[in-house]
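> Okay, here's the prediction I keep looking at, along with the sequence it came from:
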Amino acid sequence: MRIGLWIYLSAESPVRHRRERGYWMRILLTNDDGIQAEGIQALRKVLEKRSDMEIYLAAPDRERSGSGHSITFNHPLRVQEIDYDNPQVKGYSIDGTPSDCVKLAVGSLLPQRPDMIFSGINNGANLATDVLYSGTVSAAIEGVMLGIPSVALSLTAFGSNDYSYSAHFAAMLMDLLREQTLPKNTLLNVNIPPGTRDEIQGLVITHLGVRQYDHVFERRTDPFGRTYYWLAGEPLEVVPDPAADITVVRDKKISVTPIHFDLTNYSIIESLSDWKLDALCRLENLGGDDCESKTDSR
């Protein structure tokens, strides 16, 4: 377990030095609900009771839900440092997106790279195709893009203010990840039903489901007489897939979904060769003679 971790570390490893000071891990917490949100603060309070880690919070200064993987490049990012009563905890409130927060924390704010990134605990589920919109999941994706083991955590009930069990579970998962190695470019997306440990009915390793919405854009008028639109609508019921994350959380079970960010559909690369794209390439005289339909059989 912990001894197994050290056999891969040199005598000069920063993690080894932290061990000598009584710390085992450097953890970065982030989210898309904002740094003062109940979920991330509940997780901080659980973790800071321990003496085996340094904890850093780098999160948006306000709600940034639904921001996806957007980053800020048209204005500077401003940072406000936040001190907590516990000297092993440091916070940074950032006027950027969740992905900005991870980039900035890893690249400039933290004294050294974190050993692990946990994004959450989000107020509300991040399931199925909704992960493409999620700032919570995107922050974890940013972490794995930087080569850091990352987890996205969500409590699947909007408005719930009881994060006690989800924070406890997150800490247990953190310990487990010390002993395991995630594949390259892969994160875990974890959705936890509300309730106590006794109320949760189990844990299932799942795949992403498909969530569709009956989108409605409500047309409204502001006090100046100008028209604006507000996105509304409800999820549509689809045929349940017992192995999908949506179904599992409905059954009051924790869903753990491995996600990677390679969106390539390798299964159709060969069939695209039948489209005669090389003929189109030659017709447009693209690249001289380099117009062969190349495939990747990965």
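Noted; the coordinates are in hand. Residues are numbered from 1 along each chain as shown.
> Where does the prediction get shaky in the chain?
For the chain, the stretches with pLDDT under 70 are 1-23, 159-160, 237, 239, 287-290, 292-298.
> again, only this time at 50
1-17 (pLDDT under 50).
> hey, where'd the helices end up in it?
Assigned by DSSP state H, the helices in the chain fall at 2-6, 14-20, 38-47, 98-104, 135-145, 164-179, 245-250, 269-272, 277-283.
> so residue 114 sits right up against residue 29, yeah?
No - using Cβ atoms under 8 Å, residue 114 makes no contact with residue 29, being 9.3 Å away. No exception for glycine: its C-beta is placed from N, CA and C like everyone else's.
> Residues that sit against both of those two, list them.
residue 56 (Cβ atoms under 8 Å, 6 or more residues apart in numbering).
> higher neighbour count, these two?
Using other Cβ atoms under 10 Å, the more surrounded residue of residue 114 and residue 29 is residue 29, with 30 against 24.
> Can you tell me how far that one is from residue 210?
Counting by Cβ to Cβ, to the nearest Å, the separation of residue 29 from residue 210 is 30 Å.
> Same check on residue 269?
Distance of residue 269 to residue 210, given as Cβ to Cβ: 23 Å.
> More neighbours: those two, which one.
A count of neighbours by other Cβ under 10 Å puts residue 269 above the other of residue 269 and residue 210, at 15 against 12.
> And for residue 161, nearest residue in space, chain neighbours not counted?
Using Cβ to Cβ, 6 or more residues apart in numbering and skipping residues adjacent in sequence, the residue nearest residue 161 is residue 38, 5.8 Å away.
> ok, now residue 134?
Spatial nearest neighbour of residue 134, chain neighbours left out: residue 126 (4.5 Å); criterion: Cβ to Cβ, 6+ apart.
> all strands of the stretch 51-200 of the chain, in order?
53-60, 79-83, 89-94, 116-123, 150-155, 186-192 (DSSP state E, counting those that start in this stretch).
> Which stretch among these approaches residue 218 most closely?
Closest to residue 218 of these, according to Cβ to Cβ: strand 116-123, at 23.0 Å.
> Give the partner strands of that closest one in its sheet and their orientations.
Partner strands for strand 116-123, per DSSP bridges, with pairing direction: strand 25-30 (parallel), strand 150-155 (parallel).
> For stretch 171-181, buried residues please.
Neighbour-count burial for stretch 171-181, with 16 or more other Cβ atoms under 10 Å as criterion, is recorded at 171, 173-174, 177-178.
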